[in-house]
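# build me a structure from this.
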Amino acid sequence: MAIQSEEQLKMNLAKNMRYLRIIRIPHVSQAKLADKLGVTQTSINRYETAQNLPPAHVLKAMADYFGYTTDELLSDRLPAKKGMKH
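Residues are numbered from 1 along each chain as shown. This next block holds a predicted model:
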């Protein structure tokens, strides 16, 4: 497996977050997700626009919320999952 750059990880996470928040769990606003994860809406926006990567504890909380591992959230493609934890 090739090592990905920080920029690629940001892009992967941004794409996966938007997909999960908008498509897989409709009606989850950035504000609601921010509240669940204990961060600001601005932070969620920065993650979804590939400006920042979240700290490890936030990435872990995000993975738990969406029902994926941290590696899966940072990957180029999300594996198919049936159940979402939220």
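# distance of the residue lying closest to residue 52 once chain neighbours are set aside relative to residue 67?
Distance criterion C-beta to C-beta, 6 or more residues apart in numbering; nearest residue to residue 52, sequence neighbours excluded, is residue 46 at 4.3 Å. (Glycine included, C-beta is placed from N, CA and C.) Note on residue 46: its distance to residue 67, by C-beta to C-beta, to the nearest Å, is 23 Å.
# what do you get for residue 52?
Using C-beta to C-beta, which is the criterion applied here, residue 52 is 23 Å from residue 67.
# likewise residue 73?
Distance of residue 73 to residue 67, computed by C-beta to C-beta: 10 Å.
# ok, those two, which is more surrounded?
With neighbours defined as other C-beta atoms under 10 Å, residue 73 and residue 67 compare such that residue 73 has more, 20 against 16.
# in this structure the more buried one contacts residue 59, no?
Yes. In this structure residue 73 lies within contact range of residue 59 using C-beta atoms under 8 Å: 6.8 Å.
# shared neighbours, those two?
Common neighbours of residue 73 and residue 59, using C-beta atoms under 8 Å, 6 or more residues apart in numbering, are residue 13.
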